[in-house]
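*Asks:* prediction below, plus the sequence it came from.
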Amino acid sequence: MSLPIYLIGARGCGKTTVGHALALALGYAFCDTDHALQQASGQTVADIVAREGWPGFRLRETASLKAVTAPSTVIATGGGMVLSEENRQFMREHGQVIYLNADAAVLAARLEAYPEAEQRPTLTGRPIAEEMVEVLAARDSLYRETAHHIINAMHSPDAVVSQILSVLSLARAS
């Protein structure tokens, strides 16, 4: 399988950490859409949102997704990538989409342990634990609709990678 692999899910689910490890295991390249967007624009996500608002950021995010899509690449997407119907359809048609699913409390704990506030502005202005409950409630159905596979991301990165490799090999066998 040389199709791109898109990792989707909320902030803190491990898309970047798991993505690096999965790419290494598969011998694939790795790309993070937020990082690629920041490199191309020379601005942080927070800067873009401050200047252009979330709609401006979302347009740039779609362009970034398309720019980094390539065979044999693991692509970690921004948590809100699935908000656009165009992005959901693009990912489903161009590769394998894996939803790294985790409970809101786990996500909040990870984000509090490793804050990156300068890169990832709050979506609601509320405490992170409340925000994660709200964000997951709004986006979980979109993640599920987009995903070819749903993986429990509440385990160690190595265990998550093993789960992904297993479902991908089963998908190839059928």
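*Replies:* Perfect, I can see it now. Computed from a prediction, not measured in an experiment: that's the story for all the values here.

*Asks:* report the distance from stretch 12-30 to the chain centre.
*Replies:* 11 Å (C-alpha atoms, centre = their mean, to the nearest Å).

*Asks:* output the below-cut-off pLDDT ranges for this structure.
*Replies:* 1, 115-125, 171-174 (pLDDT under 70).

*Asks:* in it, what residue spans correspond to helices?
*Replies:* Secondary structure of the chain (DSSP state H): helices at 15-26, 33-41, 45-68, 85-94, 104-113, 128-146, 157-173.

*Asks:* now do the fourth one: which elements does it pack against?
*Replies:* Going back to what we said before, that points to helix 85-94. Applying 3 or more C-beta pairs under 8 Å, 6 or more residues apart in numbering; DSSP states H and E, we find helix 85-94 packed against helix 45-68, helix 128-146. (C-beta placed from N, C-alpha, C; glycine too.)

*Asks:* mind putting the ones you listed into CSV with distance to Gly9?
*Replies:* Converted to CSV, the helices and strands packed on helix 85-94 look like this (distance: least, C-beta to C-beta, whole Å):
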stretch, distance to Gly9
helix 45-68, 15
helix 128-146, 6
